[in-house]
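> I need the structure of the sequence given here:
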Amino acid sequence: MKNTLTLLGASVRRDFTRAGTGDVSLAVDRFERRIVAFGRLYQLLSDHDDLPLVSAAAFFESLCEAISEAVLEPAGIRCEAAIENGSLPAAQCHRLALMLTELVTNAAKHAFPSKKGALIRIGLARRGGAWLCTVADNGIGATGPLQGTGSRILEGLARSIQARLQGEAGEGGTRVTIVMPIAAA
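Below is the predicted model of the structure:
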């Protein structure tokens, strides 16, 4: 969440610094839309463990839309999402959403020194006996193993849903897949 608030602050500074007097109204409108999108994002990331099951397609399509509007579009990054329908227990859905949001905001923050052609792809699909949640970017590619607070949070969340993280990085960008056994869901 720290990354999203940092990005929000940076976008406010950028918009209001560039805005001339005639552009202030447009900048305020853009900022207001971003705040509303962040509100939707945080609502989706709120704890929904009291619900029995969640529609994966409805939930993750809404989440991807909110992340795009709040974080990616203002940074000039496109987002494509392919979400398979199915039901997930709310607790697992909530943790996957936190992980996906961390991965997307991390990519937005680090993968694109040049925003030209920046793209993040998000996927959720069932394969074999597992749900696969993938975040892939076409950025510069991670230069080493994932480290830091965000990585520790991801690892802890993955353990809590009996999932594992798989990462690949190269010239074409970085791809992280969360593999969660359907039995755990």
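> and the next helix or strand past the lowest-mean-pLDDT helix or strand in the chain?
Ranking every helix and strand in the chain by mean pLDDT, DSSP states H and E puts helix 2-18 at the bottom, with a mean of 64. As assigned by DSSP states H and E, the chain's next helix or strand after helix 2-18 is helix 24-45.
> contacts for the next helix or strand after that next one next, please.
Going down the chain from helix 24-45, the next helix or strand is strand 53-55, by DSSP H and E. Defining contact as CB atoms under 8 Å, 6 or more residues apart in numbering, one finds that strand 53-55 is touched by His48, Asn85, Gly86, Ser87, Leu88, Pro89, Ala90, Cys93. All C-beta atoms are positioned from the backbone trio N, CA, C, and that covers glycine.
> out of these, what pair is the most spread apart?
Using CB to CB, the contacts of strand 53-55 span at most 17.8 Å, a distance reached by His48 and Asn85.
> and these two? Which one has more around it.
Legend: neighbour count by other CB atoms under 10 Å for His48 and Asn85, higher for His48 (16 against 12).
> what's the pLDDT at the more buried one?
His48 is assigned a predicted lDDT (pLDDT) of 63.
> thinking again about what came up before, which of the contacts of strand 53-55 tops the neighbour count?
Busiest of the contacts of strand 53-55 [other CB under 10 Å] is Cys93, holding 26 neighbours.
> the host helix or strand of it - contacts with which helices or strands?
Assigned by DSSP H and E, Cys93 falls within helix 90-110. When contacts are defined as 3 or more CB pairs under 8 Å, 6 or more residues apart in numbering; DSSP states H and E, helix 90-110 packs onto helix 2-18, helix 24-45, strand 53-55, helix 56-67, strand 119-127, strand 130-137, helix 149-160, strand 173-181.
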